[in-house]
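# predicted model, plus sequence, below.
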Amino acid sequence: MATPATIEKTRSSGWLSNLIHLVKELAKSMKATLPYLMGWTENHKEVTEEYPDRISARMPEDLPIRFRGILNNDISNCSGCKNCVSACPIDCIRLETEPGPEKNVSWVAVYDIDIAKCMFCGLCVESCPTGSLQHTRQYEGAVLHLRDMVYSFGRGWATSEMKEKWQSEQISKEAVDLERAKTRLSPVGSEFKRLLKEKKE
């Protein structure tokens, strides 16, 4: 049976061993941390970047190749097919079209992208058949008002003068095409083409 003196001795030795173990573990951790804090190692460097400090901040050329920045639409190549609108999962693209200067080509009157809603998934870019919609390498979009986050690329609604001009151009073009078709199908036109071919030979 253990005496009170033996129990007390065991308690004191256990406390001392715990303290020694604690000091050893603390020394191990400080061995890795202290040189970094004091700048005694090459791993010590400044990691805080002040925005918009262009020296330390990321530049567009520093970004990954497949980086998805703010969307841009080259409206001159946009066909108004609305594939991007259908592909967008959060409806951040608003597109409105009307008949354009050519028969089967739409006039993109309104093309708005709400960048505040956009999650930069890239589905709209992948679905664009003409390649007019692309992600830029621009990532800075801070504005004072939320309405300024809507980027507009549309051409605007066509005026009555523009529509009249397009209509007259289409009528003239259709008349020329019809005349060419008649000439091509008529016996005189076939003979004329044959003589022209013989003359070239």
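Noted; the coordinates are in hand. Small disclaimer: the values here were computed from a predicted structure and weren't measured.

# does residue 83 touch residue 127 like I think?
Yes. Using Cβ atoms under 8 Å, residue 83 is in contact with residue 127, at 4.3 Å. C-beta here means a position set from N, CA and C on the backbone, and glycine is covered the same way.

# roughly how far does residue 118 sit from residue 91?
Residue 118 sits 10 Å away from residue 91, going by Cβ to Cβ, to the nearest Å.

# same question, residue 68
On the measure of Cβ to Cβ, residue 68 and residue 91 end up 18 Å apart.

# if you count surrounding residues, which of the two has more?
residue 68 (18 against 9; other Cβ atoms under 10 Å).

# SS state for the more buried one?
Following DSSP: H, G, I helix; E, B strand; the rest coil, residue 68 is assigned to coil.

# where does the prediction get shaky in the chain?
1-13, 39-58, 60, 181-201 (pLDDT under 70).

# just checking: what are the partner strands of the longest strand belonging to it?
Longest strand in the chain, counting residues (DSSP state E): strand 106-114. Next to strand 106-114 in the sheet, as set by DSSP bridges, lie strand 93-99 (antiparallel), strand 150-152 (antiparallel).

# so can I have CSV of those strands showing distance to residue 180 and mean neighbour count?
Formatted as CSV, those follow (distance: least, Cβ to Cβ, whole Å; neighbours: other Cβ atoms under 10 Å):
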stretch, distance to residue 180, mean neighbour count
strand 93-99, 24, 17
strand 150-152, 41, 14
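
# and the residue nearest the centre of the protein?
Centroid-nearest residue in the chain, with Cα atoms, centre = their mean: residue 135, separated by 3.1 Å.

# that one contacts residue 123, doesn't it?
No. Using Cβ under 8 Å, residue 135 is not in contact with residue 123, being 11.3 Å away.

# which neighbours do these two have in common?
Residues touching both residue 135 and residue 123 (Cβ atoms under 8 Å, 6 or more residues apart in numbering): none.

# can you give me the helices in the protein?
In the chain, the segments counted as helices under DSSP state H are 4-38, 83-87, 123-127, 160-185, 187-200.

# show me how the record splits this protein into domains.
60-152, 160-190 (automatic domain parsing).
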